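3D, please:
(chains A and B)
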Amino acid sequence: AQSVTQLDSHVSVSEGTPVLLRCNYSSSYSPSLFWYVQHPNKGLQLLLKYTSAATLVKGINGFEAEFKKSETSFHLTKPSAHMSDAAEYFCVVTPTYKYIFGTGTRLKVLA
Amino acid sequence: DTEVTQTPKHLVMGMTNKKSLKCEQHMGHRAMYWYKQKAKKPPELMFVYSYEKLSINESVPSRFSPECPNSSLLNLHLHALQPEDSALYLCASSQPTSNNEQFFGPGTRLTVL
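The predicted structure follows:
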């Protein structure tokens, strides 16, 4: 069975400092992994995806994630947080076209 | 066009009302999805249509009735809802194969009185 765990329900960073949102997955075979962002009362926007090509994946708005099979992790990072990054972030694993969502991480950016 | 549109943005209905949510995409995707999202929770899958046929129903109560009239359009018909059905309803679309990302609409905020 596939599953995904987001290790932090809330993360607070100061504007201009690095962001790290952690995600671990469980999969019996090589999965597809995604990060989505959701601003309040909005839909989900795809940040980036991993589909067994390069292990370091670059996404939109300066975000990137590294797939580490040995650690079963797919952590999301950004070198410098911006106020507009404050939102809910979801890590997703998909065995087929059915998504399995993590519980989400709320990112707060302090001025 | 990489957009999924949903109407209405907001909907308030009584428990005896009948209403419908609409979702549209013009990306040529042949899989479309309905999700329900409660506050501070991830989306929960309700239905999946693949090539205009219902392929997944996640044991959703019959007061929710999906319809896929064509490859671009997805409806969700609502009848005799309960207050606990109040939520953000999200539509998404993708190609119906593994590894393809889903594109989400902005959602309909539903309140059941």
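
Centre-most residue in the chain?
Since you didn't name a chain, this refers to chain A. Nearest to the geometric centre of chain A sits A:Trp35, at 3.8 Å (Cα atoms, centre = their mean).

that's the wrong chain, I wanted chain B
Among the residues of chain B, B:Trp34 comes closest to the average C-alpha position under Cα atoms, centre = their mean, at 3.0 Å.

Any idea how many residues pack against residue 96?
All of this refers to chain A. By other Cβ atoms under 10 Å in any protein chain shown, 13 other residues sit near A:Thr96. Bear in mind the C-beta positions are built from the backbone N, C-alpha and C, glycine included.

that answer is for a different chain, and I need it for chain B
Neighbours of B:Pro96 (other Cβ under 10 Å): 17.

which residues touch it?
By Cβ atoms under 8 Å, 6 or more residues apart in numbering or on different chains, the residues touching B:Pro96 are A:Tyr97, B:His29, B:Arg30, B:Ala31, B:Ser50, B:Tyr51.

rewinding a little: roughly how far apart are the residue nearest to the centre of chain A and A:Gly104?
11 Å (Cβ to Cβ, to the nearest Å).

For residue 35, pull up the helix or strand it's in.
Chain wasn't specified; assuming chain A. Assigned by DSSP states H and E, A:Trp35 belongs to strand A:32-38.

meant chain B, my bad for not saying
Secondary-structure assignment from DSSP H and E places B:Tyr35 in strand B:31-37.

For chain B, what lies in contact range of chain A?
B:4, B:6, B:31, B:40-43, B:45, B:48, B:50, B:56, B:88, B:90, B:92, B:94-107, B:109 (Cβ under 8 Å from any Cβ of the partner chain).

For PyMOL, what selects the buried ones among these?
Only the buried entries of those go into this PyMOL selection, using 16 or more other Cβ atoms under 10 Å in any protein chain shown:
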select buried, chain B and resi 4+6+31+42+43+45+48+50+56+88+90+92+94+95+96+99+100+101+102+103+104+105+106+107+109
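
Show me what the helix or strand encompassing A:Val4 is packed up against.
Per DSSP H and E: A:Val4 is located in strand A:3-6. Judged by 3 or more Cβ pairs under 8 Å, 6 or more residues apart in numbering or on different chains; DSSP states H and E, strand A:3-6 is in contact with strand A:23-26, strand A:87-94, strand A:100-101.

which one of these is the most hemmed in?
Most buried of the helices and strands packed on strand A:3-6 by mean neighbour count (mean count of other Cβ atoms under 10 Å in any protein chain shown) is strand A:87-94; its value is a mean of 23.

circling back: need the per-residue pLDDT for the residue nearest to the centre of chain A.
Looking at A:Trp35, its pLDDT is 97.

Repeat that for B:Thr2.
pLDDT, B:Thr2: 67.

Need the max-distance pair from the contacts of B:Pro96.
The span of the contacts of B:Pro96, defined through Cβ to Cβ, is set by A:Tyr97 and B:Tyr51 at 12.1 Å.

higher neighbour count, these two?
A:Tyr97 (21 against 10).

follow-up on the earlier one: give me the common contacts of A:Trp35 and A:Gly104.
A:Tyr89, A:Phe90.

Could you identify the helix or strand that succeeds the helix or strand bottoming out on mean pLDDT in chain B?
Lowest on mean pLDDT, DSSP states H and E among the helices and strands of chain B sits strand B:53-57, with a mean of 93. Next helix or strand after strand B:53-57 toward the C-terminus (DSSP H and E): strand B:64-70.

Only the C-alpha atoms, please, for that next one, written as PDB.
In PDB, the C-alpha atoms belonging to strand B:64-70 read as follows (Å, rounded to 0.1, in the frame of the first residue of the first chain):
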ATOM      1  CA  PHE B  64     -24.500  13.400  -4.500                       C
ATOM      2  CA  SER B  65     -25.000  12.400  -8.100                       C
ATOM      3  CA  PRO B  66     -22.200  13.000 -10.700                       C
ATOM      4  CA  GLU B  67     -22.700  13.400 -14.400                       C
ATOM      5  CA  CYS B  68     -20.200  13.700 -17.300                       C
ATOM      6  CA  PRO B  69     -22.200  14.900 -20.400                       C
ATOM      7  CA  ASN B  70     -19.000  15.100 -22.500                       C
END
